[in-house]
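**Student:** next comes the sequence, and after it the predicted model I'd like to discuss.
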Amino acid sequence: MFAALRQPLARASAAKPLARAFSAYSPAQNAVAPASPKLEYLLTETRGRVALVTLHRPKALNALCNGLFVELNQVLKEFDNNKDIGSIVITGSERAFAAGADIKEMKDRQFIENYSENFLGHWTQITTIRKPIIAAVNGFALGGGCELAMMCDIIYAGDKAVFGQPEIKLGTIPGAGGTQRLVKAVGKSKAMEMCLTGSVNLTAQEAEAAGLVSKVYPAEQVLDEAIKTASKIANLSVPIVQMVKDAINQSFEMPLQSGLTFERRLFHATFGTNDQKEGMSAFAEKRKPNFTNN
Ligand SMILES: CCCCCCC/C=C/C(=O)SCCNC(=O)CCNC(=O)[C@H](O)C(C)(C)COP(=O)(O)OP(=O)(O)OC[C@H]1O[C@@H](n2cnc3c(N)ncnc32)[C@H](O)[C@@H]1OP(=O)(O)O
């Protein structure tokens, strides 16, 4: 499976994505999982139990074209199915996480083809990934770039990151969560201001204050911090981590009482796992737990 994700190291180094330019991890520490020579828009590697996916379309500020999403769906699915991986980090470059959907690619599309082909439908497959995904965002996260970050489970931002939904200035509207997830993250007024003007963006600090972003770090540290957090998560029990992700995501879909019942049932279910027995026994015996993911 990893063979399918193998990426030539030479290419990764030459391209100097933020992952390599800034990371404090030495290549010797990395099990480089990368990648299929077929990957054109992504770099992938592993850091222990963390999979790192770097959007790599530097000439277009990582504009999200269809080919990029086909690759992203493919690698995320492979990492999700890989027992050696516990969590995933998605990042971009220092200049751009992603400057939105590729405007040049979509500008001539017609309503009827959008509707009949469900244009962008498969771009949201990332929300079906069961392992936690952290977005490490530097630079522009605009339009689809902001929406992609919001589809991740946690967002860490570099101090120069910019979040915005400029679609209205192109004569369209956000198409993948900008009018929905953004409201839940920053509230109605800010979301309205951003989406209605297209030019009111959030700085990293504003995004943190509003709740869109969990933490802000100096740009050169954000990826390492995301990997550290991803690594903590990846070394916990995989099924219990998935239950937490499931339960929190259900809070967006269910009324409170149904959500609380869902949570309680999953809590009950954890007692059917060896990892619950191990976690609680380890606490009682004053030792570290050794989770076996069952
Ligand atoms: C997760 C699912 C996603 C689903 C998406 C759903 C629908 C989403 C719609 C959108 O996202 S519409 C696009 C929204 N984004 C924008 O409007 C931003 C567009 N870009 C800019 O405004 C600027 O590029 C910038 C980000 C402010 C940076 O400006 P700067 O002057 O620093 O650089 P540029 O010279 O403009 O850009 C360099 C290079 O990159 C190309 N490019 C940038 N953004 C895009 C894009 N979104 N699509 C296609 N190409 C893009 C730009 O054209 C330049 O290329 P060249 O002209 O030099 O070849």
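**Tutor:** Noted; the coordinates are in hand. Numbers count the residues shown, from 1 in each chain.
**Student:** alpha carbons only for contacts and neighbour counts from here, please
**Tutor:** Will do.
**Student:** near the ligand, which residues of the stretch 101-250 of the chain are found?
**Tutor:** 101-104, 120, 123-124, 142-144, 147-148, 166-167, 174-176 (CA under 6 Å from any ligand atom).
**Student:** what segments of the stretch 101-250 of the chain are helices?
**Tutor:** Remark: helices assigned in the stretch 101-250 of the chain by DSSP state H, counting those that start in this stretch are 103-106, 111-117, 144-151, 181-186, 188-197, 204-210, 222-234, 238-250.
**Student:** single out the most deeply packed of those.
**Tutor:** Using mean count of other CA atoms under 10 Å, the stretch among the helices of the stretch 101-250 of the chain with the largest mean neighbour count is helix 144-151, at a mean of 25.
**Student:** packing partners of that one?
**Tutor:** strand 96-98, helix 181-186 (3 or more CA pairs under 8 Å, 6 or more residues apart in numbering; DSSP states H and E).
**Student:** show residues contacting the longest one.
**Tutor:** The one in question is helix 181-186. Contact with helix 181-186 is made by 147, 150, 190, 191, 207, 210, 211, 212, as judged by CA atoms under 8 Å, 6 or more residues apart in numbering.
**Student:** if we go to 7 Å?
**Tutor:** With contact meaning CA atoms under 7 Å, 6 or more residues apart in numbering, helix 181-186 is reached by 150, 191, 210, 211, 212.
**Student:** same list (those) but as TSV, adding pLDDT and distance to residue 40.
**Tutor:** Below are the contacts of helix 181-186 laid out as TSV (pLDDT from 0 to 100; distance: CA to CA, whole Å):
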residue	pLDDT	distance to residue 40
150	98	24
191	98	34
210	97	35
211	97	34
212	98	30
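**Student:** just put those in CSV and tack on distance to residue 202.
**Tutor:** Below are those laid out as CSV (distance: CA to CA, whole Å):
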residue, distance to residue 202
150, 14
191, 10
210, 9
211, 11
212, 10
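**Student:** out of these, flag the one nearest to residue 234.
**Tutor:** Set against residue 234, the nearest of the contacts of helix 181-186 by CA to CA is residue 150 (20.4 Å).
**Student:** so the closest residue to that closest one other than its chain neighbours versus residue 291, what's the distance?
**Tutor:** Leaving aside its sequence neighbours, residue 150 sits nearest to residue 181 (CA to CA, 6 or more residues apart in numbering; 6.8 Å). Counting by CA to CA, to the nearest Å, the separation of residue 181 from residue 291 is 33 Å.
**Student:** pretty sure residue 215 sits against residue 206.
**Tutor:** No: Residue 215 is beyond contact range of residue 206, at 11.0 Å (criterion: CA atoms under 7 Å).
**Student:** reformat the helices and strands packed on helix 144-151 as CSV; add mean pLDDT.
**Tutor:** Shown next, in CSV, are those (pLDDT from 0 to 100):
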stretch, mean pLDDT
strand 96-98, 98
helix 181-186, 97
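**Student:** can you lay out these as a markdown table showing distance to residue 249?
**Tutor:** Shown next, in a markdown table, are these (distance: least, CA to CA, whole Å):
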| stretch | distance to residue 249 |
| --- | --- |
| strand 96-98 | 24 |
| helix 181-186 | 12 |
